[in-house]
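Asker: Quick one, what's the 3D model for this:
(2 chains, ligands or ions: 3)
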Amino acid sequence: MTTTVYVPGDAGALSVGAGEVAAAISAEAKRRGVALDLVRNGSRGAYWLEPFVEVQTARERVAYGPVRAKDVPSLFAADFLKGGTHPLSLGLTDSIPWLRSQQRLTFERVGVIDPRSVADYVKHGGYRGLERALQLSGADIVQAVTASGLRGRGGAAFPTGIKWKTVLDQSAPQKYVTCNADEGDSGTFADRMLMEGDPLSLIEGMTIAGIAVGATQGYIYLRAEYPHAHAALKAAIAAAYQARYLGADVAGSGRRFDLEVRLGAGAYICGEETSMLESLEGKRGEVRVRPPLPAIKGLFGRPTIVNNVVTLTSVPWILAHGAEAYANYGMGKSRGTLPIQLAGNIRRGGLVERAFGLTLRELLYDIGGGTATGRPIRAVQIGGPLGAYVPPAHFDTALDYEALAAVGAMLGHGGLVVFDDTVDMARMARYAMEFCAIESCGKCTPCRIGSTRGVEVIDRILAGVDGERNVQLLEELCETMVQGSLCGLGGMAPFPVQSALKHFREDFRARV
Amino acid sequence: MEHLPSEQSAAVRRIVAQHKERPGPLVEVLHAIQASFGYVPEGAVPVVAEELNLSRAEVHGVVTFYHYFRHTRPGAHTVSLCQAESCQSMGAEKLAEHARRRLGIDFHQTTADGRFSLEPIYCLGNCACSPAALIDGELHGRLTPEGFDELVAAKAKPAT
Ligand SMILES: Cc1cc2nc3c(=O)[nH]c(=O)nc-3n(C[C@H](O)[C@H](O)[C@H](O)COP(=O)(O)O)c2cc1C
Ligand code: SF4
Ligand code: FES
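Answerer: Ligands and ions are numbered 1, 2, ... in the order given. Alright, predicted model coming up:
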């Protein structure tokens, strides 16, 4: 029997040499006359171990990492195809503590299956959620999503079932399901990993959404910075059409659902849902004034579901296992699991899916192992470029929407960016304002002008001009932006600045 | 306004024709033009406007809204360095300084020999392997100044 070897085709794994490792394994196998089946899976998310190579042995998968191309001959010499030991041995994949401690529901197949194969997807539980959904009425599907407690994972944490119900209740000749795959926040990559490692689960989630609310057309709005995800999605959509899971007769149900990918073009604001809809219509991504809600008047003026990749990808699991099973995870009003992304200056960075409720300290130290540089952690930015900087004094806070809000932070898309004690928080504050100035859609003054003024004021503080007065000015400016901006870009860009001023004020002094 | 040579206008018209029937086609059309020309030439704007029945101002407004659409021909190789927070926490600024010196250009510029364009980019979704860069569509992570030099040297070698 030919042995199956897994070398991730995930962009992050490729970025540290997985492509070269795969080529070296093929070449060495050929040289030795050994037949093997090389599968390019997604990443398990343990990025510090990438390139992470696995071998399917008689019983379980055995792992090696981080493997470099030059390690390949010695892996063969150590008989890794039979699970032989080698200095890079990590043991059985399922017994690696970093992975074993996780609760993977949404990510259950990522890194496990061949993302291009519908057969592999189905073999690992895929399309069971759709099968169940096709036995239910639209209202019952929506009810299941509501009962699961699922809240949008894109940032705003709005209950998904309520949004779907609004769309269901509209009568219109055409409705849409759109997936927000703009993932612009620094420190986040969960959407990317899902789209590359298990794209069919997103397709299944969107199909269920379409069946539930009576929408026959779906669009995935993907950022242009993700060429690998683009290729993976296109291949998976083609495979799903081929297997008749998309198109005029979804899984033999007589129901239609069509799906296509549209590319963004490097504008952060297009992650904001109304800006995304404008962009999908081929226009400038200027934010729309609400109301009307997209659920009532969305894409091309029709009722539209807008959900994040993680949100939609969680739906098949909920349908397949039941709303209650999902709601049993989590704490308070944060139900289910959250794919957390550990990023930046962290020793064991990557994707950690756990039930809500873990503390920051557990994440950063027990799981993440502290900083990569070995220096003390000084600050963690949670929730992307619009998220607050959290100081060590708050590290006992639980990962939960409400608990974080209570300390002035927000969970957003679940990304944590770690900084060591060399970070200059005044510069990070300046960057937040500069980023807002670059990315502002220009529709309202507090954001467009305020952010540029913010950069100037911080520059003056750092130059030693009227420090006291300018710090006060900066605080007032932040308040104006928070109060007066039309959308979350101008409305939240001050959060990192305000948190830096609050917790790291000593950094706002003149530089020589 | 720069005018496109007739065979290029014809190419633009062909691109528009391929996308015209899809709903909201303009951004898709601009992507296809950039994929084919390497940038969106100013002279393509009136052609696209005419073919899609839009005003020039509308098309121009969309081209300039999106950072991804280039207005000038790029170098043979495009180096995009991530400058967002996670990469900053792992030395992206130092790496950018090194890249500027090594290539002798600033962000948004192209080397005089037309070989390299240097661009900032804000997150590549590779934040667990920061600092990251995208070079000619290939993603790189845990990038050091030495690693950067190797990649650039490999690109600078004339193709054999
Ligand atoms: C400036 C800004 C950027 C945003 N970027 C994203 C993004 O990249 N991805 C995303 O899913 N949601 C993003 N959002 C949130 C969306 O507006 C919206 O709430 C979300 O897509 C809804 O999906 P969900 O309910 O599944 O989270 C952003 C919001 C703002 C204000
Ligand atoms: S806050 Fe900024 S991004 Fe949002 S609508 Fe106003 S100008 Fe546009
Ligand atoms: S911040 Fe650089 S890859 Fe995400």
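Asker: Check which helix or strand the closest residue to ligand 3 within the stretch 151-300 of chain A maps to.
Answerer: Closest contact between the stretch 151-300 of chain A and ligand 3, by CB to the nearest ligand atom, is at residue A:186 (3.9 Å). The way it works is simple: take the backbone N, C-alpha and C, and place the C-beta from them, glycine included. Counting by DSSP states H and E, no helix or strand carries residue A:186.
Asker: One more: residue A:419?
Answerer: strand A:415-420.
Asker: how about the longest helix out of those in chain B as PDB, C-alpha atoms only?
Answerer: The longest helix of chain B (DSSP state H) is helix B:6-19. Extracted as PDB, the C-alpha positions of helix B:6-19 are listed here (Å, rounded to 0.1, in the frame of the first residue of the first chain):
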ATOM      1  CA  SER B   6      -5.500  51.100 -30.800                       C
ATOM      2  CA  GLU B   7      -4.500  47.500 -30.200                       C
ATOM      3  CA  GLN B   8      -4.500  48.200 -26.400                       C
ATOM      4  CA  SER B   9      -7.900  49.900 -26.600                       C
ATOM      5  CA  ALA B  10      -9.100  46.800 -28.400                       C
ATOM      6  CA  ALA B  11      -7.700  44.600 -25.700                       C
ATOM      7  CA  VAL B  12      -9.500  46.700 -23.100                       C
ATOM      8  CA  ARG B  13     -12.800  46.400 -25.000                       C
ATOM      9  CA  ARG B  14     -12.400  42.600 -25.200                       C
ATOM     10  CA  ILE B  15     -11.800  42.500 -21.400                       C
ATOM     11  CA  VAL B  16     -14.900  44.600 -20.800                       C
ATOM     12  CA  ALA B  17     -17.000  42.400 -23.200                       C
ATOM     13  CA  GLN B  18     -16.100  39.300 -21.100                       C
ATOM     14  CA  HIS B  19     -17.400  40.900 -17.900                       C
END
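Asker: Give the buried residues for it.
Answerer: B:8, B:9, B:11, B:12, B:13, B:15, B:16, B:19 (16 or more other CB atoms under 10 Å in any protein chain shown).
Asker: Now the second one: closest residue in space that isn't a chain neighbour?
Answerer: In this case it means residue B:9. In space, and not counting its chain neighbours, residue B:9 is closest to residue B:47: 5.2 Å by CB to CB, 6 or more residues apart in numbering or on different chains.
Asker: Summarise which helices and strands the helix or strand where the one you found lies is packed against.
Answerer: In the assignment (DSSP H and E), residue B:47 maps to helix B:44-52. Applying 3 or more CB pairs under 8 Å, 6 or more residues apart in numbering or on different chains; DSSP states H and E, one finds that helix B:44-52 contacts helix B:6-19, helix B:26-37, helix B:56-65.
Asker: Contacts for that helix, please.
Answerer: Here helix B:44-52 makes contact (CB atoms under 8 Å, 6 or more residues apart in numbering or on different chains) with B:1, B:4, B:8-9, B:12-13, B:16-17, B:20, B:25-26, B:29-30, B:33, B:37, B:54-56, B:58-60, B:63.
Asker: Repeat the analysis, applying 7 Å as the threshold.
Answerer: B:4, B:9, B:12-13, B:16, B:20, B:25-26, B:29, B:33, B:55-56, B:59-60, B:63 (CB atoms under 7 Å, 6 or more residues apart in numbering or on different chains).
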